[in-house]
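Colleague: Turn this into a structure:
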Amino acid sequence: MQHARGMSLGELLKKKADEGVAVRVMLWDDETSLPLIKNKGANLNKGGPRIPWHDSHACVIGEAACDVLTNFEQRWTKQCDPSLLVPSSTLVNLVPQVNSNTSIENNNWKVQVYRSIDHASVDDLCGNFNAERSIHEAYVEAIRHAEKFIYIENQYFIGGCQWWEKDKNVGCTNLIPIEIALKVVSKIKAKERFAVYIVIPMWPEGVAESESVQDILYWTRETVAMMYRLIGEAIKESGEIGHPRDYLNFFCLANREHKGKGEYLPLDSPHPETDYWNAQKNRRFMVYVHSKLMIGSANINQRSMDGKRDTEIAIGCFQIQDEVEKQMNLSDVHAYRMSLCNEEIVDMEGEEIYIVAP
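Modeller: Numbering: from 1, shown residues only. The predicted model follows:
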């Protein structure tokens with residue numbers, strides 16, 4: 001600001017106030033701001049927010065990492081000066097060249113990099129398309145080829161508004177929820193066993209009572225209701241005795257802590273009846289599911305799947321196995337999936353249930 005060099009913030013505000021400018025200051029943790037930001041009790045002195053996260057990550061090495069590099073270069077050259085980048089020619093020797101005749105080690109994961117992105121964010125989209133939606137396409141392809149079960153973890157689960165009972169024109173048209181529902185319907189008609197397990201947070205990031213979070217919960221409910229309706233109709237038409245939850249289940253993770261000896265006690269108490277106050281009183285809290293399986297940044301909602309909105313990147317993995325390995329489920333991908341399932345599923349006595357198949 002002109003003539004403000006060397007002045008402290010306080011001096012500048014006082015100067016502007018003396019000039020007749022209305023100066024208003026809102027402190028982040030001041031009582032006057034709490035009704036606006038709706039985070040009463042989110043303060044370390046009062047115990048702070050208690051929301052552990054559950055997440056999944058991957059390290060990409062080898063040839064697939066070149067695709068990640070290409071994505072970065074394309075985004076950089078769209079926004080900034082390309083001359084500031086290290087020339088790609090100097091990076092060739094960082095990745096060993098793979099001969100097509102080279103034998104493939106059994107513990108190698110084969111990786112495909114996917115994106116949601118449009119021409120406004122990146123240069124050189126393949127085929128001169130305006131948008132790339134390969135993350136969405138990969139989800140749909142995987143769902144259509146599923147044989148026995150589907151296991152999904154995601155921070156959001158919204159889509160298929162064309163098949164909702166109302167609000168059909170809100171624009172949330174990604175096909176992932178409807179593809180899952182139709183997969184189950186096809187298995188019911190074929191009289192084949194199939195199960196879907198979906199893990200999501202109890203509510204997405206933010207304050208549960210806020211308008212934005214309530215809207216998201218409403219769209220999530222519409223999505224889930226649509227799926228159960230289609231599956232219920234298929235069960236009825238088949239003449240089978242069953243319930244939609246025999247085929248489709250949603251889970252929210254939570255935890256409860258016993259009071260420990262020498263446990264840290266906050267200096268102050270959160271505001272009564274707030275989320276933080278209830279969490280401390282009951283010692284129960286949700287585990288925030290932030291993971292995306294497939295592993296990446298994309299949520300299952302329209303923003304991440306559209307291609308023309310949020311820019312996302314993700315990877316899909318598989319392992320090449322011979323028939324004996326397939327029969328014995330020896331792959332690391334299978335082991336990773338089983339470890340996730342067994343981490344989160346317990347019986348009523350609190351003991352882990354070890355899943356041996358899917």
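Colleague: okay, now residue 133: neighbour count?
Modeller: Residues lying near residue 133 (other CB atoms under 10 Å) number 21. No exception for glycine: its C-beta is placed from N, CA and C like everyone else's.
Colleague: show me where the stretch 1-150 of the chain has helices.
Modeller: Counting by DSSP state H, counting those that start in this stretch, the segments of the stretch 1-150 of the chain that form helices are 9-18, 34-37, 63-79, 134-145.
Colleague: pull the longest helix from the chain.
Modeller: Determined from DSSP state H, the single longest helix within the chain is helix 211-238.
Colleague: Please name every helix or strand in contact with that one.
Modeller: The contact analysis (3 or more CB pairs under 8 Å, 6 or more residues apart in numbering; DSSP states H and E) places helix 211-238 against helix 176-189, strand 248-251.
Colleague: Now with 10 Å, please.
Modeller: helix 176-189, strand 195-199, strand 248-251 (3 or more CB pairs under 10 Å, 6 or more residues apart in numbering; DSSP states H and E).
Colleague: Averaged pLDDT, that helix. What do you get?
Modeller: Across helix 211-238, pLDDT averages out at 95.
Colleague: I'd like to check the angle between that helix and helix 176-189, please.
Modeller: Angle, helix 211-238 to helix 176-189, by axes from the mean of the first three to the mean of the last three CA atoms, to 10 degrees: 20 degrees.
Colleague: Parallel or antiparallel, list what pairs with the longest strand along the chain.
Modeller: In the chain, with assignment by DSSP state E, the single longest strand is strand 110-118. Sheet pairing for strand 110-118, assigned by DSSP bridges, gives strand 131-133 (antiparallel), strand 312-318 (antiparallel).
Colleague: State the mean pLDDT of it.
Modeller: Mean predicted confidence for strand 110-118 is 87.
Colleague: what do you get for stretch 292-307?
Modeller: Averaged across stretch 292-307, the pLDDT comes to 78.
Colleague: distance between the ends of it?
Modeller: Stretch 292-307 has its terminal residues 17 Å apart, counting by CA to CA, to the nearest Å.
Colleague: Now find how far off-centre that stretch is within its chain.
Modeller: Relative to the mean C-alpha coordinate of its chain, stretch 292-307 is positioned 7 Å out (CA atoms, centre = their mean, to the nearest Å).
Colleague: Name the residues of that stretch that come out as buried.
Modeller: 292-296, 298-307 (16 or more other CB atoms under 10 Å).
Colleague: mind showing which ranges of the stretch 151-300 of the chain have poor pLDDT?
Modeller: Under the criterion pLDDT under 70, the flagged ranges of the stretch 151-300 of the chain are 294-297.
Colleague: thinking again about what came up before, let's have the helices of the stretch 1-150 of the chain in a markdown table, adding mean neighbour count.
Modeller: Listed next are these as a markdown table, based on neighbours: other CB atoms under 10 Å:
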| stretch | mean neighbour count |
| --- | --- |
| helix 9-18 | 12 |
| helix 34-37 | 11 |
| helix 63-79 | 15 |
| helix 134-145 | 18 |
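Colleague: Which of those helices sits closest to residue 257?
Modeller: Closest approach to residue 257 among the helices of the stretch 1-150 of the chain is made by helix 34-37 (26.1 Å; CB to CB).
Colleague: out of the strands paired with strand 110-118, nearest to residue 145?
Modeller: So among the strands paired with strand 110-118, strand 312-318 is nearest, using CB to CB, at 10.9 Å.
Colleague: got the angle for that closest one vs helix 134-145?
Modeller: 30 degrees.
Colleague: State the mean pLDDT of strand 312-318.
Modeller: On average, strand 312-318 scores 84.
Colleague: Now do it and helix 63-79, the angle between them.
Modeller: Going by the same axes, to 10 degrees, strand 312-318 makes 170 degrees with helix 63-79.
Colleague: Give me the buried positions along strand 312-318.
Modeller: The neighbour-count check on strand 312-318 (16+ other CB under 10 Å) flags 312, 313, 314, 315, 316, 317 as buried.
Colleague: Return the distance of it from the chain's centre.
Modeller: Relative to its chain's centre, strand 312-318 lies at 13 Å (CA atoms, centre = their mean).
Colleague: Now do the helices for the stretch 201-350 of the chain: every range, in order, please.
Modeller: 211-238, 275-282, 302-305, 323-328, 332-344.
Colleague: what helices or strands is the last one leaning on?
Modeller: So the one you mean is helix 332-344. Checking 3+ CB pairs under 10 Å, 6+ apart, helix 332-344 ends up next to strand 53-54, strand 149-153, strand 195-199, strand 312-318, helix 323-328.
Colleague: Need these in a markdown table (columns: distance to residue 169).
Modeller: Shown next, in a markdown table, are these (distance: least, CB to CB, whole Å):
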| stretch | distance to residue 169 |
| --- | --- |
| strand 53-54 | 34 |
| strand 149-153 | 26 |
| strand 195-199 | 25 |
| strand 312-318 | 24 |
| helix 323-328 | 45 |
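Colleague: Next, work out how far apart residue 123 and residue 84 are.
Modeller: Applying CB to CB, to the nearest Å, the value for residue 123 to residue 84 is 15 Å.
Colleague: Just want to know which of those two has more residues nearby.
Modeller: Counting neighbours by other CB under 10 Å for residue 123 and for residue 84 shows that residue 123 has the greater number, 13 against 8.
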